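[1] after the sequence you'll find the predicted model.
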Amino acid sequence: MTDHDTAALRADSPGVDVTMPPSGTGCADCEAEGGWWVHLRRCAQCGHVGCCDSSPARHATAHHRSTGHRYVQSFQPDEDWFWDYTEEQVLGGPELAPPAEHPFDVTTPGPLDRLPADWRSRITG
């Protein structure tokens, strides 16, 4: 569990499955569409990896809206916080199935070969 000064999820909290691995190493939807991301988020219930709300497509939030899955965890190296879409708050929480972060060769923003030259001006948040 993290040491955030916030509420904390438990391994047995509804909407958390600590046995579910991440869906991949990058945003699953950006990969399918040929898009790009700023940062990555992982669904705590099903493992879907989506891009953050600063990314053009905001796939992590779209996943929440389409599935009702309430919690995501940062999929960035050295970040372990969770976000609760329902309460709109940061949470601490349990360790999810490995890996806990994207590989270092998966860049954020990224992937490098799909980043537009003006990507900084396209960040939404």
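    Sure thing, it's come through.

[2] my guess is Ala11 meets Thr19, correct?
    No. Contact between Ala11 and Thr19 fails when scored by C-beta atoms under 8 Å: they sit 9.5 Å apart. (C-beta placed from N, C-alpha, C; glycine too.)

[3] looking at those two, which one has more neighbours?
    Between Ala11 and Thr19, Ala11 has the larger neighbour count (other C-beta atoms under 10 Å), namely 13 against 8.

[4] got the contact list for that one?
    Val18, Pro94 (C-beta atoms under 8 Å, 6 or more residues apart in numbering).

[5] looking at this, His63 is in a strand?
    No. With DSSP: H, G, I helix; E, B strand; the rest coil as the criterion, His63 is helix rather than part of a strand.

[6] contacts for stretch 17-27, please.
    11, 31, 35, 37, 40, 42, 44-51, 55, 57, 59-60, 75, 94-99, 102-103, 106, 110-111.

[7] if we go to 7 Å?
    11, 31, 37, 40, 42, 45-51, 59, 75, 94-97, 99, 102-103, 106, 110-111 (C-beta atoms under 7 Å, 6 or more residues apart in numbering).
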